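[1] Kindly generate the corresponding structure for this input.
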Amino acid sequence: MTLKIEIESDGAGAGASGVPVYEQVRAQIAGQARGGTLPVGYKLPTVRGLAQELGLAANTVAKAYRALEADGVIETRGRHGTFVAAAGDAAAREASAAAQAFAERARRLGLSEASALAAAREALRAAYGDSG
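    Here you go, the predicted model:
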């Protein structure tokens, strides 16, 4: 089990697909953590170490790590390092809370259930693309 990240870059901070480099790092670590390739407790490289390994600026990796930590995928334990967290439960709880907040807001706005579902589906399509 090792962290594997492949970056496509246009030299201007985004890949050929237009996805920012930090987002490529974030998405690949999150996918490997959620898919079990990186188990809970796996120690990630330092920001500087991963940046050097990938040929990226340290700030790019730091931005990806901050986003992953905000999502509950990783946790930083001070000087001990950064580790894969038990993210499945945290992610599911956060998604459930967001869905509940959306449902309450849609109801207050007077949307029908069908209209609220259509809005949610459209937002999901925009976030995930057509491959959903």
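[2] what's the next secondary structure element after the worst-scoring helix or strand of the chain on mean pLDDT?
    Least confident helix or strand, the chain: helix 87-108 with a mean of 80, by mean pLDDT, DSSP states H and E. Beyond helix 87-108 in the direction of the C-terminus, DSSP states H and E gives the next helix or strand as helix 113-128.
[3] Determine the set of other helices and strands touching that next one.
    Applying 3 or more C-beta pairs under 8 Å, 6 or more residues apart in numbering; DSSP states H and E, one finds that helix 113-128 makes contact with helix 87-108. C-beta: built from backbone N, CA, C; applies to glycine.
[4] so what does the helix it packs on touch, helix or strand wise?
    helix 21-35, helix 113-128.
[5] what do you get if the cut-off is 10 Å, keeping everything else the same?
    Other helices and strands packing on helix 87-108, by 3 or more C-beta pairs under 10 Å, 6 or more residues apart in numbering; DSSP states H and E, are helix 21-35, strand 74-76, helix 113-128.
[6] Figure out which of the ones you listed is closest to Y42.
    The closest of these to Y42 is helix 21-35. By C-beta to C-beta, the value is 7.7 Å.
[7] For that closest one, buried residues please.
    Neighbour counts over helix 21-35 (16 or more other C-beta atoms under 10 Å) mark V21, Y22, Q24, V25, R26, Q28, I29, A30, Q32, A33 as buried.
[8] Report pLDDT for the last one.
    The predicted local confidence for A33 comes out at a pLDDT of 89.
[9] That one touches E69, doesn't it?
    No: with contact defined as C-beta atoms under 10 Å, A33 does not reach E69; the gap is 11.8 Å.
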